[in-house]
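In: could you look at this predicted model? Sequence included:
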Amino acid sequence: MTIELSRRGFCIGTALIGLQTISSGAFARSEDGTVKLGLVAPMSGPNARYGAFSLRGAEMAAKEINTAGGVGGRKISVMPADSQGTPVEGVSATRRLIDQSQVDYIIGDVSSSVTLAMQPVAEDAGVLLLNAASSNPMITYKAGVGGFKWTYRNYPTDENRALIVLQYAAEKKGFTKYAVLSVDTDYGRAAIEFTKKYLPRFKSQILTEDYYKEGEVDFRSVLSKIRDSGAQAIIMYGNADSTPIVGRQMIEVGIAGKIPLIGNAEFNTASSIKAAPKALEGAIEAAAWLPAYDSPKSKAFVEKFIAEYGEAPNNHAYVHWETVHLLAKAIEQAQSIDREKVRAALSAIHYESAVGEVTFDDHNQARLPMILLEIEHGKPAIKGAYSAEIDYPK
């Protein structure tokens, strides 16, 4: 199935391919032993839950691969290291994995600031760093032709999200005039800067631009200004706690059902929709993956994860599960665990994920789809998995 939106447009791939094992005789290293895969993630601290899901997803993938015979007859051993969600600890964890554990490859981290700090360490050691969960575009700007040839990312960036949401809104909904109501943080402001970058591509414009402080509760004056601006949609990147409040006040000023929200602020949650169903109707946002995504591979993953761990997986579990399989596929295609050969194989790979085909650009950023959601009749409707090409800084 393919979704065509424009010459530059989006595509969705649904073909599924299985992981195949190959003869261990093709591998450069000794046939005994394991593939040592380091995993840097927050195993303690405020983000420990994310680290726990990341580890579960990676270990489940390794178990699947090992049960199927491994890669080249070699088993994958996942070796976790705690970043505590901080750059300093993330660097220490990375060095321990490289110097003491002598890992072959590293996956990490959940936090963008940690991943950015890990990049030069992995580069100096010539160890492949495959990121599965952090979204700061600077990681990609610095990777591949940007300098760090050993850093790859199998996750969409904040820029990918902003572009995909804007392109869907322009090409599928026909919107060209926007108002901004975004959280006044690095995340909220960066998302709008990325959106502005691509406005000319779609002959679009921002008519009003406002930012709110975390914890702010009165949006009526801004929403009234938006009502009178001629905007067709409100671009909102922000906190989930703010969405119900904004929704209720959209009803008060008379724009609910007339000017939809687009961006990312958990528009699709049951609590947001219940708080202001009329205002949330038509809201659009993009996600890297959702348990409800209807593809055979995704559904099989969810069922197996629940059976294994007794709870549904979150996004971190999925992306780490998929990234371990992606790495195993690159090792298989390289017919070696030699780092340089695996790096070359990863650059050329065509991998069918549960969401669609994954390939890498010259900044070692995965071209991978994001799932588009639109609230229809009070429920989140998955509109498909879409991808788009970003423009890198010159």
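Out: It's in.

In: tell me the contacts of the residue lying closest to Ala48 once chain neighbours are set aside?
Out: In space, and not counting its chain neighbours, Ala48 is closest to Pro42: 5.6 Å by C-beta to C-beta, 6 or more residues apart in numbering. Bear in mind the C-beta positions are built from the backbone N, C-alpha and C, glycine included. For Pro42, the contacting residues are 48, 50-51, 82-85, 109-111, by C-beta atoms under 8 Å, 6 or more residues apart in numbering.

In: would you mark the buried spots in stretch 238-249?
Out: Within stretch 238-249, the residues scored as buried using 16 or more other C-beta atoms under 10 Å are 238-239, 242-247, 249.

In: lowest-confidence one in these?
Out: Least confident of the buried residues of stretch 238-249 in the model: Asn239, at 81.

In: isn't Ser77 right up against Gly38?
Out: No - between Ser77 and Gly38 there is no contact under C-beta atoms under 8 Å: 9.8 Å.

In: between those two, point out the one with more neighbours.
Out: Counted by other C-beta atoms under 10 Å, Ser77 and Gly38 do not tie: Gly38 has more neighbours, with 25 against 17.

In: beta partners for that one?
Out: Counting by DSSP bridges, Gly38 forms beta bridges with Met79, Ile106.

In: among the buried residues of stretch 238-249, which two are most distant?
Out: Maximum pairwise distance in the buried residues of stretch 238-249, criterion C-beta to C-beta, is 14.9 Å, between Asn239 and Gln249.

In: turn the contacts of Pro42 into a markdown table, columns for neighbour count and secondary structure.
Out: Output for the contacts of Pro42, formatted as a markdown table (neighbours: other C-beta atoms under 10 Å; DSSP: H, G, I helix; E, B strand; the rest coil):
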| residue | neighbour count | secondary structure |
| --- | --- | --- |
| Ala48 | 15 | helix |
| Tyr50 | 22 | helix |
| Gly51 | 28 | helix |
| Asp82 | 19 | strand |
| Ser83 | 32 | coil |
| Gln84 | 21 | coil |
| Gly85 | 22 | coil |
| Asp109 | 34 | coil |
| Val110 | 25 | coil |
| Ser111 | 26 | coil |
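
In: between the residues you listed, which is nearest Pro291?
Out: Tyr50 (15.9 Å).

In: show me what contacts the closest one?
Out: Residues near Tyr50 by C-beta under 8 Å, 6+ apart: 41-42, 110, 133, 316.

In: now, these that are in strands?
Out: Counted as lying in strands by DSSP state E, out of these, are Ala41.

In: turn the contacts of Tyr50 into JSON lines, columns for distance to Val183 and pLDDT.
Out: JSON lines is the format used below for the contacts of Tyr50 (distance: C-beta to C-beta, whole Å; pLDDT from 0 to 100):
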{"residue": "Ala41", "distance to Val183": "26", "pLDDT": "98"}
{"residue": "Pro42", "distance to Val183": "23", "pLDDT": "96"}
{"residue": "Val110", "distance to Val183": "20", "pLDDT": "93"}
{"residue": "Ala133", "distance to Val183": "21", "pLDDT": "94"}
{"residue": "His316", "distance to Val183": "22", "pLDDT": "95"}
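
In: correct me, but Trp321 touches Lys63?
Out: No - the pair Trp321 and Lys63 fails to qualify as a contact (C-beta under 8 Å) at a distance of 10.2 Å.

In: surely Asp306 is in a helix?
Out: Just to correct that, residue 306 is Ile rather than Asp. Yes - counting by DSSP: H, G, I helix; E, B strand; the rest coil, Ile306 is part of a helix.

In: leaving out the residues flanking it, which one is nearest to it?
Out: Nearest residue to Ile306, sequence neighbours excluded (C-beta to C-beta, 6+ apart): Ala312, at 5.9 Å.

In: helix, strand or coil: sort out that neighbour for me.
Out: Classified using three-state DSSP, Ala312 is coil.

In: that one and Leu368, how far apart?
Out: Using C-beta to C-beta, to the nearest Å, Ala312 is found at 22 Å from Leu368.

In: and for Tyr309?
Out: The separation that Tyr309 has from Leu368, given C-beta to C-beta, amounts to 25 Å.

In: domain assignment for this structure?
Out: In the assignment given by automatic domain parsing, the structural domains of the chain cover 24-156+292-363, 159-287+372-386.

In: among those, which is nearest Lys394?
Out: The nearest among the domains of the chain, by C-beta to C-beta, is domain 24-156+292-363 at 11.2 Å.

In: what separates that closest one from the chain centre, distance-wise?
Out: Domain 24-156+292-363 sits 13 Å away from the centroid of its parent chain (C-alpha atoms, centre = their mean, to the nearest Å).

In: now stretch 167-187: buried residues?
Out: Using 16+ other C-beta under 10 Å as the test for burial, stretch 167-187 gives 167-172, 175, 178-183, 185, 187.
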